[in-house]
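Chemist: sequence first, predicted model second:
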Amino acid sequence: MIHLYAFAKNLRSLPVERGVEGSPLEVCEVEGATAVVSRLQATPLQTTHEALIRHGLVVEALLDHADSLLPVRFGERFDDEDGIAAAARRLRPDVRSRLDSLEGCVEVGVRVVDPRREEPAVRAPDGTGYMHAELELSRARDRMVRALHAPLDENASASAVGAPGAGGVVHTASYLVRREAVPAFTRLVDGYAATHPQLTVVCTGPWAPYSFAGEAEAAA
């Protein structure tokens, strides 16, 4: 059984990381790209925390060994190299074009938490007043988020914005950023955090561009 980690462009060498189940990494050439794989025992793959982490460690390690990386979700496995090639052929656009679009880029994640979002935000004498106050508060938060997202989006090749979540999360997004632009990008985040001390601003990465792999996950 062959476990697939990622497709790579101009892979210079393999990292020292071991694959899932401690298996050594290998490569095979498919559809004008290099597939990074390891061979597992022909048994159902267990989705354990250790296996997920091992898969992620391999993908992140590959980031510094190739000009472009198209990560594949955990659990994509095939009987032989022909199966991997068939999966690559199903990609639209093809795997090589997708690698070209990601060349020189990494993913940076940004999350903004407003602790006040979980607290009673407004007080009003009646329902109508409460709704108006909530509307104004919502608009204020939207302006606050746009003040961060707009410059980040402008300095990124692409972005993927998620919905606000529990725990006071008012903004969560992934940005596709050129490697050389990461320091300037993170300075923008730091500057925003410095001028909004009431917020918790978390910037993570650089990561392999999972959020921009697109149909590679669905087709692999």
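Modeler: Everything's here; your move.

Chemist: in three-state terms, label Thr204 for me.
Modeler: strand (DSSP: H, G, I helix; E, B strand; the rest coil).

Chemist: quick one: contacts for it?
Modeler: 108-111 (C-beta atoms under 8 Å, 6 or more residues apart in numbering). C-beta coordinates here come from the backbone N, C-alpha and C atoms, glycine included.

Chemist: same list (those) but as CSV, adding pLDDT.
Modeler: CSV is the format used below for those (pLDDT from 0 to 100):
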residue, pLDDT
Val108, 98
Gly109, 97
Val110, 97
Arg111, 95
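
Chemist: buried subset of the residues you listed as a PyMOL selection?
Modeler: Command for PyMOL that selects the buried part of these, burial taken from 16 or more other C-beta atoms under 10 Å:
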select buried, resi 108+109+110+111
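
Chemist: for the nearest residue in space to Gly165 that is not next to it in sequence, list each beta-bridge partner.
Modeler: Leaving out its chain neighbours, the residue that sits closest to Gly165 by C-beta to C-beta, 6 or more residues apart in numbering is Thr172, at 6.6 Å. Applying DSSP bridges to Thr172 yields these beta-bridge partners: Arg111, Gly162.

Chemist: could you chop this protein up by domain?
Modeler: When the chain is parsed with automatic domain parsing, its domains come out as 2-103, 105-210.

Chemist: name the element the nearest residue to Val27 once chain neighbours are set aside belongs to?
Modeler: Nearest in space to Val27, with sequence neighbours left out and distances taken as C-beta to C-beta, 6+ apart, is Thr34 at 5.1 Å. Thr34 belongs to strand 33-39 when assigned by DSSP states H and E.

Chemist: can you give me the strands in the protein?
Modeler: 2-9, 26-30, 33-39, 68-71, 77-78, 105-113, 158-162, 169-178, 200-207 (DSSP state E).

Chemist: my guess is Arg89 contacts Glu31, does it?
Modeler: Yes. Using C-beta atoms under 8 Å, Arg89 is in contact with Glu31, at 6.0 Å.

Chemist: okay, these two: which has more neighbours?
Modeler: Glu31 (17 against 13; other C-beta atoms under 10 Å).

Chemist: select the longest helix from the chain.
Modeler: The longest helix of the chain (DSSP state H) is helix 127-154.

Chemist: do you know how far the closest residue to Gly83 other than its chain neighbours is from Ala8?
Modeler: Nearest residue to Gly83 in three dimensions, chain neighbours excluded: Ile2, at 7.4 Å (C-beta to C-beta, 6+ apart). Between Ile2 and Ala8 the computed distance is 16 Å (C-beta to C-beta, to the nearest Å).

Chemist: so these two - more neighbours on which side?
Modeler: Legend: neighbour count by other C-beta under 10 Å for Ile2 and Ala8, higher for Ala8 (23 against 19).
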